[in-house]
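Undergrad: Just a sequence and a predicted model for now, questions to come.
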Amino acid sequence: MFQYCADPASLSGVTWLSCYLTTGKHMGIYWSVGVVLLLLAITAPLALLFGYGGASAARSPFAPLRWFGKTYMAIVRGVPDIAFFLFFVIALDQAVEYLRHKAMCPGWDMPVRQGNDFVVCPQAKLPLGNAAQWVHESYGFGLAVITFAIVFGAFAANVLFGAMKAVPRGQLETAEAYGMSRRQVTRRILVPQMWVYALPGLSNLWMVLIKATPLLFLLGVEDIVYWARELGGSKTPTFTDYPHGDWRMWYFAALLIFYLLLTKVSEVVLGRVMNRLTLGQATAGGEAQRKAAA
């Protein structure tokens, strides 16, 4: 990046470190930080949407829909994250390719299952073998977003389901007695109040989601943990212009600081949101605010 980095062998001290930290491979770890933050920004609202849908389904008076909501929460929450990540991504990828294979290659006369191999026609591969690198990376990232959203959506559904049940039933019945429809009661009475009860659980879920981002590597996405391990390993002049010993401890220490800062910022933001939601509410948080103001 810098002009004086042309001859790494002549560098030392701060100049060597500045050149080392701006190599092309180090740009990969900086880019991966943005990938993690983008994943969180997309996955959190999507998981909340899945959670609200699952919780609403679990409360539905329509029995099959209610069974579906409760089954979704039970199955996904009961399977270890790693096992679900590995199974679901493979199953989803193969399901999409199989449908494309049936639609695009009707004349294919070979079995799709060939021992342990899953073989489809080249046109049905997703992404295509000759696709650009960014297409492959975007596809892997998309699978990661969907998988994270489904997994953490199940946990969010359980939190929101409990929060919905915590809203006093008398208020809902009173709204119905005033002539509100079920949809109006949900939108005007249930949803505004349930967040007070749901936010503590959702806050913990957000922290767990942050800690789960290293699972991106299992989905084929080169995350910050992958780059920290790769860049921190011992390097010799045979393989790089910037040789060094085993620096993984320092790289992982930097990751520790990054995650601690991210969780601290999250705690501050979530605390302010909680104060906003409990303002004037007949809850422990709202009562504490009332006494503090007095």
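TA: Sure thing, it's come through.

Undergrad: so where's this protein shaky on pLDDT?
TA: Along the chain, segments meeting pLDDT under 70 span 1-4, 6, 8-11, 129, 235-241, 279-294.

Undergrad: Mind jotting down where the helices sit in it?
TA: Listed in chain order, the helices found in the chain under DSSP state H are 13-20, 24-58, 63-78, 81-104, 133-166, 169-177, 182-185, 191-212, 224-232, 248-278, 284-293.

Undergrad: May I see those helices organised as JSON lines, with mean neighbour count and distance to Y242 added?
TA: All C-beta spots, glycine's among them, are computed from the backbone N, C-alpha and C. Putting the helices of the chain into JSON lines (neighbours: other Cβ atoms under 10 Å; distance: least, Cβ to Cβ, whole Å) gives the following:
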{"stretch": "helix 13-20", "mean neighbour count": "14", "distance to Y242": "5"}
{"stretch": "helix 24-58", "mean neighbour count": "17", "distance to Y242": "10"}
{"stretch": "helix 63-78", "mean neighbour count": "15", "distance to Y242": "44"}
{"stretch": "helix 81-104", "mean neighbour count": "14", "distance to Y242": "34"}
{"stretch": "helix 133-166", "mean neighbour count": "19", "distance to Y242": "25"}
{"stretch": "helix 169-177", "mean neighbour count": "12", "distance to Y242": "65"}
{"stretch": "helix 182-185", "mean neighbour count": "13", "distance to Y242": "62"}
{"stretch": "helix 191-212", "mean neighbour count": "18", "distance to Y242": "31"}
{"stretch": "helix 224-232", "mean neighbour count": "19", "distance to Y242": "10"}
{"stretch": "helix 248-278", "mean neighbour count": "14", "distance to Y242": "14"}
{"stretch": "helix 284-293", "mean neighbour count": "12", "distance to Y242": "52"}
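
Undergrad: Enumerate every residue touching L46.
TA: The neighbours of L46, taking Cβ atoms under 8 Å, 6 or more residues apart in numbering as the test, are 145, 149, 153.

Undergrad: switch to 7 Å and redo it
TA: Shown in contact with L46 (Cβ atoms under 7 Å, 6 or more residues apart in numbering): 145, 149.

Undergrad: Present the helices of the chain as a markdown table; the columns should include distance to L126.
TA: Below are the helices of the chain laid out as a markdown table (distance: least, Cβ to Cβ, whole Å):
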| stretch | distance to L126 |
| --- | --- |
| helix 13-20 | 38 |
| helix 24-58 | 20 |
| helix 63-78 | 24 |
| helix 81-104 | 5 |
| helix 133-166 | 7 |
| helix 169-177 | 46 |
| helix 182-185 | 39 |
| helix 191-212 | 25 |
| helix 224-232 | 23 |
| helix 248-278 | 32 |
| helix 284-293 | 48 |
